[in-house]
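*Asks:* turn this into a structure:
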Amino acid sequence: MAVQLNHTIVWANDKHASAAFLADVLGVAAPTRYGSFVIVQVANDVSLDFLDVDDVVHPQHYAFLVSEDEFDEIFGRIRERDLPYWADPGQDKLGEINTRDGGRGVYWEDPNGHLLEILTRPYGG
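*Replies:* Numbering: from 1, shown residues only. Prediction:
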């Protein structure tokens with residue numbers, strides 16, 4: 001069997017709000033519960049399992065490979081919500097998208113400061 005990523009735990013200050021935010025912006029199914037986690041399932045059988053923590057949430061980066069049409073839909077939801085977005089992970093190019101490797105990409109933050117990204121082509125590919 002090939003090694004595959006199955007899930008990752010995403011620390012949050014409010015797991016319900018954070019999971020709902022991600023599911024809503026990405027346009028995927030509403031989050032579900034499993035034990036103490038709130039789960040956002042994405043198309044390649046990987047889930048993001050949100051968990052409340054009492055400590056400081058240290059921002060992480062989560063990138064999602066999407067089709068051109070999905071990019072348009074998700075980017076439209078980002079702009080509809082007036083969310084700040086950047087073309088780069090250093091957040092220097094505010095209000096821009098990137099066109100690396102012949103695709104498109106954009107970064108934005110979730111309510112915990114996690115840096116989210118959608119891209120239409122894997123980098124370096």
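*Asks:* quick check: the gap between A43 and F71.
*Replies:* From A43 across to F71, the span is 14 Å (C-beta to C-beta, to the nearest Å). Glycine gets a C-beta too; all of them are placed from N, C-alpha and C.
*Asks:* again with A63
*Replies:* Taking C-beta to C-beta as the measure, A63 and F71 are separated by 13 Å.
*Asks:* so for those two, which residue has more residues nearby?
*Replies:* F71 (20 against 15; other C-beta atoms under 10 Å).
*Asks:* ok, that one to V25 distance?
*Replies:* Here F71 is placed at a distance of 12 Å from V25 (C-beta to C-beta).
*Asks:* in this protein, which spans are helices?
*Replies:* For the chain, the helices defined by DSSP state H cover 15-26, 68-80.
*Asks:* can you give the contact residues for the last one?
*Replies:* What that stands for is helix 68-80. Outside helix 68-80, the residues that touch it by C-beta atoms under 8 Å, 6 or more residues apart in numbering are 24-27, 66, 85, 97, 104, 106, 108, 118, 120.
*Asks:* please apply the same query to stretch 104-112.
*Replies:* Applying C-beta under 8 Å, 6+ apart, the external contacts of stretch 104-112 come out as 11-14, 17-18, 21-22, 25, 57, 59, 68, 71, 75, 78, 83-89, 91, 97-99, 115-120.
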